[in-house]
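[1] Any chance you can model this:
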Amino acid sequence: MAAPRIALVFEGTRGDSQPYCVAGRALQRAGFEVLLAGAKDSEPLAVELGLPIVCYTRAAIEVWNDPAVVATFTKNDVVGMGAAVGKIKGQDYPRGMRILAKALRDFKPDLILCGFPVLTDVMSIGNAYGFAYAVLGLGACVMSRHVGALGVLPTFPAWTGLNLVAWKLLLRVIYKGCTKTQVPVLE
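    So this is what the prediction gives:
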């Protein structure tokens, strides 16, 4: 009997891609045939882990180093950041979707697992070709001394250490709020 085939589709920076690469390796070790599909800068890690990868989006570092994106990021302009990133990704979208669709058609996965940012793309391809799909949210959010918390609070000079303090405070507030509303439902 042939091994079940699972495709992992994701996009984003290292915090987004690394968990999918590691999950792919674990699935491969468990006997699944795995195909990764992600950004160009995910390729070195996939190769290091011995996993096949289809690079269907440009490297995240290219997107985040674009002058328009950097300008909005340094102003903590979340709306502008989304627009600048969307403009860059929009330039590559048709080509990237063709690459992804062909790779999935050729691989013929039994299941596609994807991150939230690519869910609608995977739904479109899955529905068109009859592939089962599910969301597997594995992205990581890393606190930083250099970036305002979640990109929404002001960014302080890194030497002050206040960005990291703000991250911890904001995440504690979010966690406390979630604990009050969600934990009672689970009990």
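[2] Give the other helices and strands that the helix ranked longest in the chain contacts.
    In the chain, taking DSSP state H as the definition, the longest helix is helix 78-107. Helix 78-107 is packed against strand 5-9, strand 33-39, strand 53-57, helix 60-64, helix 67-74, helix 119-129, with contacts defined by 3 or more Cβ pairs under 8 Å, 6 or more residues apart in numbering; DSSP states H and E. From N, CA and C alone the C-beta is placed, and that goes for glycine too.
[3] Just tell me which of the ones you listed ends up closest to M97.
    Ranking the helices and strands packed on helix 78-107 by proximity to M97 (Cβ to Cβ) places helix 119-129 first, at 6.4 Å.
[4] Any buried residues in that closest one, and which?
    Counting neighbours by 16 or more other Cβ atoms under 10 Å, one finds that the buried residues in helix 119-129 are L119, D121, V122, I125, G126.
[5] hmm, back to that, in its sheet, what does the next helix or strand along the chain from the longest helix of the chain sit against?
    Reading on from helix 78-107 to the C-terminus, the next helix or strand found by DSSP states H and E is strand 111-114. When sheet partners are counted by DSSP bridges, strand 111-114 sits next to strand 5-9 (parallel), strand 133-135 (parallel).
[6] which residues are in contact with the shortest one?
    Put plainly, it is strand 133-135. With Cβ atoms under 8 Å, 6 or more residues apart in numbering as the test, strand 133-135 has contacts from L111, I112, L113, C114, G115, F116, L119, V122, M123, G126.
[7] Minimum pLDDT in those residues, which residue is that?
    Minimum pLDDT for the contacts of strand 133-135 is recorded at F116 (85).
[8] these two touch, right, that one and G137?
    Yes. Proximity of F116 to G137 meets the contact threshold set by Cβ atoms under 8 Å, at 5.7 Å.
[9] neighbour-wise, which of those two wins?
    When neighbours are counted by other Cβ atoms under 10 Å, F116 comes out ahead of the other of F116 and G137, with 14 against 11.
[10] lowest confidence element among the helices and strands of the protein?
    The helix or strand of the chain with the lowest confidence, counting by mean pLDDT, DSSP states H and E, is helix 162-186 at a mean of 69.
[11] what's the burial count for G31?
    As a burial measure, G31 scores 8 neighbours (other Cβ under 10 Å).
[12] How about S17: what's its closest non-neighbour residue?
    Counting by Cβ to Cβ, 6 or more residues apart in numbering, the nearest residue to S17 once its immediate chain neighbours are dropped is S42, at 4.1 Å.
[13] Fine by me, we can end here.
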